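Chemist: coords below, sequence missing:
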């Protein structure tokens, strides 16, 4: 099945009628590239038979991260919803590659939104063109989604900052050239760009994971790590608001990634249900299988729409934090549910075949990473309850 | 785009990159063939030329070659015409040789390597059990085999830039003149191959079944001894 489908084209046409042709051209070109260069390797990434390094580099160099950025930094100036869809397609091609790329581009988003012009010129073209790999380093052993409780310390010493602390579950850690690190100064959480060559920056072992096995996840340790004061992003004390904004966009993208995971798993189950025979008929003829198919595709369509709705609000400069959280909660939980039903349709084969259950294992991360479903429900409810009805 | 056509586009872009010149992408098709032209422009073509056919059915090879020849003449002076050894769908392999006749160009067909030096083109042509090396003076026409190169995937930036490259469209009726050939061949049907299966079922223990299978394969001549 092609990654870029008529329903993607139709939805993007509804959102951006004037730019339909260029958006479709770019996404169909990207899909053709991934179908050839990424999808066939996906089972090998999951089984650790092959590293994602080369596939990820080729995808980044093909230009996936250029999509939403202005041309003055080398970007394509296409709508954010085109980028959201691109990550959905990447999620269908390979979830680990998509995760690594999406986290990488979250750093580009942070520098684009909050960096000064010198930082944008220095870092942005390299990141979005894939010449430099980036890593978003927020989570700590004692503070996950609670960014205000950051314990990593950043002390100003002359024209430098000295960073001390430990980050945990950091995607791309050890592989990335640049790290967007949250550390607390006297004025509160603050963001810093730390280059891999900085003295005192070390990484832990690659953590074994249930899914998303192709992407590297490890600890990051900062021990008297000295960086130039010029690498402070924005001003001291602005870090919490910055990462909150970055996470809002990133949550839409993670939702979309999970839509892609659900889509590819769903297609496998539908194909199988039409081949597998039991009790003298195809299992796709059974009502209970049909109910699963209907529920799965309805969930996928709804999740995709929520992600694109939040994307459109962002494009229009409107408030979208609640919608981004709704998109992520719904899309990630739908993806887990769909992938679970896919295993059920495959039966014993689903439970024993890596190429079936890997999608469930991949999707399972994202009800936790980039804001747990529980924290996001708190955010959504707070915003709803603050409204005067 | 037909996969072999991608090889031809790739080779033309490589020749441009290694020397100089420009690449014009020319095709005959319905108006939606513009998408194919854009794809080739994203790979590195400089401008496109689309002959829009009003015919409900695809032209036969001779007319396709004729329309391409007229389009090539209208597109301006050229040194080299590259095309695929055949299309991915019907793979008749006729358009290249016919086009060379219409244009009165030397035809170097089914080549796996192209080199140009001092307006002389040198090609390696794959034959059944040997490789033949051919030379001709430019202008010439070459049809390429898939082994000649690995076509590039255009980057997203190249895809965006391709939409700004010029594509000239001309109706096929404008190119049909007194010299145009009549339709000589009509496709009257196209169906998938019907594969007949022997549907032999062997029963018994695994050992006995295996023996029967081997015997059957021997009697069919699949296994030699």
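Modeler: Yep, that arrived. Bear in mind the structure is a predicted one, so any value in this text is a computation, not a measurement. Numbers count the residues shown, from 1 in each chain, chains lettered A, B, ... in the order given.
Chemist: quick check on whichever residue of chain B sits closest to chain A: phi, psi?
Modeler: Nearest residue of chain B to chain A (Cβ to the nearest Cβ) works out as residue B:156 at 3.4 Å. No exception for glycine: its C-beta is placed from N, CA and C like everyone else's. Backbone geometry at residue B:156, expressed as degrees, to the nearest 10, gives phi -60, psi -30.
Chemist: now for it: which residues touch it?
Modeler: A:26, A:29-30, A:62-64, A:66-67, A:76 (Cβ atoms under 8 Å, 6 or more residues apart in numbering or on different chains).
Chemist: up against chain A, what does chain B have?
Modeler: By Cβ under 8 Å from any Cβ of the partner chain, the residues of chain B that approach chain A are B:38-39, B:42, B:153-157, B:159-160, B:162-163.
Chemist: inside helices: which ones of these?
Modeler: B:38-39, B:42, B:156-157, B:159-160, B:162 (DSSP state H).
Chemist: Serialize those residues to JSON lines and add fields for pLDDT.
Modeler: Formatted as JSON lines, these follow (pLDDT from 0 to 100):
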{"residue": "B:38", "pLDDT": "96"}
{"residue": "B:39", "pLDDT": "96"}
{"residue": "B:42", "pLDDT": "97"}
{"residue": "B:156", "pLDDT": "97"}
{"residue": "B:157", "pLDDT": "96"}
{"residue": "B:159", "pLDDT": "97"}
{"residue": "B:160", "pLDDT": "95"}
{"residue": "B:162", "pLDDT": "96"}
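Chemist: contact partners for the residue most central in space within chain B?
Modeler: Centroid-nearest residue in chain B: residue B:84, 2.7 Å away (criterion: Cα atoms, centre = their mean). Contact analysis of residue B:84 by Cβ under 8 Å, 6+ apart lists B:2, B:4-5, B:7-8, B:96, B:143-144.
Chemist: rerun that using 10 Å as the cut-off
Modeler: By Cβ atoms under 10 Å, 6 or more residues apart in numbering or on different chains, residue B:84 lies in contact with B:1-9, B:91, B:93, B:95-96, B:143-146.
Chemist: do the same with residue B:80
Modeler: B:11-12, B:15, B:21, B:23, B:105, B:108, B:114, B:116, B:121, B:138-142.
Chemist: beta partners of it?
Modeler: Applying DSSP bridges to residue B:80 gives these bridge partners: residue B:140.
Chemist: from residue B:24, how far off is it?
Modeler: The spacing between residue B:80 and residue B:24, counted by Cβ to Cβ, to the nearest Å, is 11 Å.
Chemist: give me the common contacts of those two.
Modeler: Listed as contacting both residue B:80 and residue B:24 by Cβ under 10 Å, 6+ apart are residue B:12.
Chemist: skipping its backbone neighbours, what lies nearest residue 92 in space?
Modeler: This is for chain A. Nearest non-adjacent residue to residue A:92, counting by Cβ to Cβ, 6 or more residues apart in numbering or on different chains: residue A:260, 3.7 Å away.
Chemist: that's the wrong chain, I wanted chain B
Modeler: For residue B:92, the nearest residue in space outside its immediate sequence neighbours is residue B:61; the separation is 5.4 Å by Cβ to Cβ, 6+ apart.
Chemist: tell me, please, where in chain A the pLDDT is lower than the cut-off.
Modeler: A:145 (pLDDT under 70).
Chemist: give the PyMOL command for selecting the buried subset of the contacts of residue B:84.
Modeler: Of the contacts of residue B:84, the buried ones go into a single PyMOL selection, burial set by 16 or more other Cβ atoms under 10 Å in any protein chain shown:
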select buried, chain B and resi 1+4+5+6+7+8+9+93+95+96+143+144+145
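Chemist: so which of the contacts of residue B:84 sit within strands?
Modeler: Here DSSP state E is the test, and those give B:143-144 as lying in strands.
Chemist: could you pull out the strands for chain B?
Modeler: Per DSSP E, chain B carries strands over the ranges B:24-29, B:47-52, B:80-84, B:107-117, B:120-126, B:131-137, B:140-144, B:167-171.
Chemist: quick one: mean pLDDT for the first one?
Modeler: The one in question is strand B:24-29. The average pLDDT within strand B:24-29 is 95.
Chemist: which strands and helices sit next to it?
Modeler: In terms of contacts (3 or more Cβ pairs under 10 Å, 6 or more residues apart in numbering or on different chains; DSSP states H and E), strand B:24-29 is packed against helix B:3-18, helix B:34-42, strand B:47-52, helix B:61-75, strand B:80-84, strand B:167-171, helix B:172-175.
Chemist: and the strands in the stretch 151-300 of chain A?
Modeler: Applying DSSP state E, counting those that start in this stretch to the stretch 151-300 of chain A gives strands spanning A:153-157, A:160-171, A:178-185, A:188-195, A:201-203, A:217-228, A:232-233, A:277-278, A:281-282.
Chemist: residue contacts, the nearest residue to residue A:202 once chain neighbours are set aside?
Modeler: Residue nearest to residue A:202 in three dimensions, not counting chain neighbours: residue A:221, with 4.6 Å by Cβ to Cβ, 6+ apart. Shown in contact with residue A:221 (Cβ under 10 Å, 6+ apart): A:152, A:164-167, A:173, A:200-204.
Chemist: show me which of the contacts of residue B:156 neighbour chain B.
Modeler: A:26, A:29-30, A:62-64, A:66-67, A:76 (Cβ under 10 Å from any Cβ of the partner chain).
Chemist: and the residue lying closest to the residue nearest to the centre of chain B once chain neighbours are set aside, how close does it get to residue B:167?
Modeler: Using Cβ to Cβ, 6+ apart and skipping the chain neighbours, the partner closest in space to residue B:84 is residue B:4 (3.4 Å). Residue B:4 is 22 Å from residue B:167, where distance means Cβ to Cβ.
Chemist: how far is the helix or strand of chain B with the lowest mean pLDDT from where the chain is centred?
Modeler: When the helices and strands of chain B are scored by mean pLDDT, DSSP states H and E, helix B:172-175 comes last with a mean of 88. With Cα atoms, centre = their mean, to the nearest Å as the basis, helix B:172-175 stands 22 Å off its chain's centre.
Chemist: same check, this time on stretch A:207-220
Modeler: Mean C-alpha position of stretch A:207-220 versus that of the full chain (Cα atoms, centre = their mean) differs by 14 Å.
Chemist: what residues of that stretch count as buried?
Modeler: Buried residues in stretch A:207-220, counted by 16+ other Cβ under 10 Å: A:209, A:211-220.
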